[in-house]
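Undergrad: Have a look at this prediction, sequence included:
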2 protein chains.
Amino acid sequence: MPNNKPRIAVDAMGGDFGPQVVVPGALHAAKTGKAEIILVGDEEKVMAQLARHDVKGLPVSVVHASQVVEMEEKPSEAMRRKKDSSIQVACNLVRDGGADGVISAGHSGATLACAMFTIGRVAGVDRPAIATFMPTERSHCVIIDVGANVDCKGFHLLQFGVMASVLAKTMLGRENPTVALLSNGEESGKGNLLVKEAFDLLRASSLNFVGNIEGRDLFTGKVDVVVCDGFVGNVVVKQAEGLASSLGRLLKGELRRGFFGQIGTMLALNALKRFSRLVDYAEYGGAPLLGLKGSCLICHGASNAKAMSSAVRMAARFVAMEANSHLSEAVAANIDLAGPRRPAVNDQR
Amino acid sequence: MPNNKPRIAVDAMGGDFGPQVVVPGALHAAKTGKAEIILVGDEEKVMAQLARHDVKGLPVSVVHASQVVEMEEKPSEAMRRKKDSSIQVACNLVRDGGADGVISAGHSGATLACAMFTIGRVAGVDRPAIATFMPTERSHCVIIDVGANVDCKGFHLLQFGVMASVLAKTMLGRENPTVALLSNGEESGKGNLLVKEAFDLLRASSLNFVGNIEGRDLFTGKVDVVVCDGFVGNVVVKQAEGLASSLGRLLKGELRRGFFGQIGTMLALNALKRFSRLVDYAEYGGAPLLGLKGSCLICHGASNAKAMSSAVRMAARFVAMEANSHLSEAVAANIDLAGPRRPAVNDQR
């Protein structure tokens, strides 16, 4: 579809800074010609921001939404009470065919809930999951799930691996992505009950499954995709962010003691900052919520305009690469493995 | 018991370097006057090492063990086949009252298995667990369990918290240690099924329970004790080790690009090395296996003599502080919470 750019609905009210950061970010993405932008939010506020930029000829439109989900609201309540929130309206657009994807830097729990309950699932996917790009010594790997599903069965992990493998192929250009299970040991017998169950399914799957990896290998770049449940994944990703920040503060203290303190501090902190930026998934654009009909990215609340721009382009690329059709095929190719367990899945979310 | 120093059985054959590192380490500890040492292993090899040192007047004895568990052996098979391995004989000494504690830098799985099945459990403890000291921006916190129990129930986590709280009190000198559950969010409703179950028990317990903490707060020093199951704990500890190594390698690359590359590299890497040493629990002596009658420390295979010496002193301090009697009391004080669930515990290990 050369003339039809992917249409990305952008929650204009999301993030710590709202329209004043989201709008310029989205416009930057529009200028690259990779996406058509639909800004969703308080029309007056959004227009006020648009007025500050030269938008002539840019594929940008505005859809009004009268409400905003606040950070302290519970996702379920926000969904019930605020039917006209910017994130809900943006998700409705995807559901109704008015947009191909949605991104939000707003309340991530609400974004997750709205997207999960509004946008339909890709055929065969039992549970959508959040993937994120984790920096490694070589490049990046994909970790899935980092928070959507805290209690899982083995076949959920199998499907996470299938979805993330498609992501690594389409977004990172890995030919035949290697997939590993995060475990407490590399040997095949290692793991808790969940990991052992998933191990057998992954080994029998169409994926390029390479076995277990330990926490110490998360950053070496040994594999393309790391699979875990959303509880473990959330702890792991937040730990990486936290350790990078703590190390920065510690280095600052340590280095100031040295003779060449000032120079050393400067150099080391710059280097560490570059790494921290890699660790912070916001800088990579956002965390894709995989398994939904459409392209959905959850961005960090602290996202700047650059991060919002890359999120829009990533969401657009996901659509342009027809990732969901590959995803659907890959899930179908492994559906027999999940088969016998499927009746039990009605506990879904 | 002023004249009775804690008697620590030391697996002299353990670790990457065997007697040539373990023996000097143990002797160093003996010289501090904090412990009586029983070196367990191949008598000839141990005596050869002892001959190189001035041991006159030191409380050191040797107990012969004809076998050694090799790193590639399975713990269960090693236990069955090698009844006279150094680690097994050392554990036998504790069981039979010939020693108050045991330390090993050998095969950690075998050490765990031998200790668990040989040394009895403290009354009321359902599952012994491995604690470790994690460096934080302020000092250290205790994380429990880091690998002994990969599948847990809520009341196991409660007991882990009780045991680690005693450890933080006796070994780190924390008056009324704060205890938190590692979860995917700080709010009380967050967590997987296990964490939610444990949350209610911990809140009802005698502990200074402060709720959930996220992965990003593991290193800030916010709490004294972090409780999780052994799967999550193992991933988390290994991730910290791995991230510190990866950051070191990345910083090396980053800094060499800079103008003041050489100086910066040197300074930053020294600082990082200091931090890595803190992350590596071997440097803190070892990871205590809590809940056994006696004091048991699992040391890193790469432990040097200094690490072995601190491990011996830590094991001795654990005995001298009568930590197990405090532990037993604390478990008893919370036994009602675990009560109704206890019949199900016969799946133990």
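TA: It's in.
Undergrad: use CA for all of it now, contacts and neighbours both
TA: Will do.
Undergrad: quick one, what contacts the nearest residue to A:G14 once chain neighbours are set aside?
TA: In this structure, A:G14 finds its nearest non-sequential neighbour in A:G106, 3.7 Å apart by Cα to Cα, 6 or more residues apart in numbering or on different chains. Listed by Cα atoms under 8 Å, 6 or more residues apart in numbering or on different chains, the contact set of A:G106 reads A:D11, A:M13, A:G14, A:G15, A:D16, A:V69, A:M71, A:I87, A:C299, A:H300, A:G301.
Undergrad: Tell me the one of those residues nearest A:R317?
TA: Distance to A:R317 across the contacts of A:G106 (Cα to Cα) is lowest for A:C299, with 15.9 Å.
Undergrad: doesn't A:A287 make contact with that closest one?
TA: Yes - shown here, A:C299 and A:A287 form a contact pair, counting by Cα atoms under 8 Å, at 6.3 Å.
Undergrad: hang on, the earlier thing: of the contacts of A:G106, which is the most crowded?
TA: Neighbour counts for the contacts of A:G106, by other Cα atoms under 10 Å in any protein chain shown, peak at A:I87, which reaches 37 neighbours.
Undergrad: mind checking pLDDT for that residue?
TA: We have a pLDDT of 97 for A:I87.
Undergrad: Next: A:S303.
TA: According to the prediction, A:S303 has pLDDT 87.
Undergrad: before we move on, what about the one 5 residues further on?
TA: Listed pLDDT for A:M308 reads 94.
Undergrad: Quick check: A:V166 touching A:S328?
TA: No - the pair A:V166 / A:S328 is not scored as a contact, 9.6 Å apart, by Cα under 8 Å.
Undergrad: Compare neighbour counts for these two and give me the winner.
TA: The residue with more neighbours, out of A:V166 and A:S328, is A:V166; 28 against 19, by other Cα under 10 Å.
Undergrad: what sits against the closest residue to the more buried one other than its chain neighbours?
TA: Leaving out its chain neighbours, the residue that sits closest to A:V166 by Cα to Cα, 6+ apart is A:L327, at 5.9 Å. Counting by Cα under 8 Å, 6+ apart, A:L327 touches A:V162, A:M163, A:V166, A:G291.
Undergrad: Which of the residues you listed fall within strands?
TA: When DSSP state E is applied, the contacts of A:L327 are split such that none fall in strands.
Undergrad: Specify which member of these is nearest to A:M47.
TA: The closest of those to A:M47 turns out to be A:G291 (Cα to Cα; 33.1 Å).
Undergrad: State the distance from the closest one to A:R95.
TA: 14 Å (Cα to Cα, to the nearest Å).
Undergrad: Which residue of those two possesses the greater neighbour count?
TA: It is A:G291, of A:G291 and A:R95, that has more neighbours when counted by other Cα under 10 Å, with 29 against 19.
Undergrad: check contacts around the nearest residue to that one once chain neighbours are set aside.
TA: Spatial nearest neighbour of A:G291, chain neighbours left out: A:P128 (4.5 Å); criterion: Cα to Cα, 6+ apart. For A:P128, the contact set (Cα under 8 Å, 6+ apart) comprises A:M116, A:R121, A:A148, A:F160, A:L289, A:L290, A:G291, A:L292.
Undergrad: beta partners for the fifth one?
TA: Partner residues in beta bridges with A:L289: A:I130, A:C296, with DSSP bridges as the criterion.
Undergrad: How far off centre is the helix or strand that contains A:L112?
TA: Using DSSP states H and E, A:L112 sits within helix A:108-118. Chain-centre distance of helix A:108-118: 13 Å, with Cα atoms, centre = their mean, to the nearest Å.
Undergrad: for stretch A:179-186, same thing?
TA: On the basis of Cα atoms, centre = their mean, stretch A:179-186 sits 21 Å off its chain's mean C-alpha point.
Undergrad: Can you check what pLDDT the model gives the residue nearest the centre of chain A?
TA: Nearest to the geometric centre of chain A sits A:A287, at 1.3 Å (Cα atoms, centre = their mean). Per-residue confidence at A:A287 stands at 92 (pLDDT).
Undergrad: repeat for the one 3 residues further on
TA: Looking at A:L290, its pLDDT is 97.
Undergrad: residue boundaries of the helices in chain A?
TA: A:19-31, A:43-50, A:75-81, A:86-95, A:108-118, A:154-172, A:193-204, A:230-257, A:261-279, A:305-320, A:323-333, A:335-338 (DSSP state H).
Undergrad: if I look at A:H140, how far off is A:V227?
TA: 14 Å.
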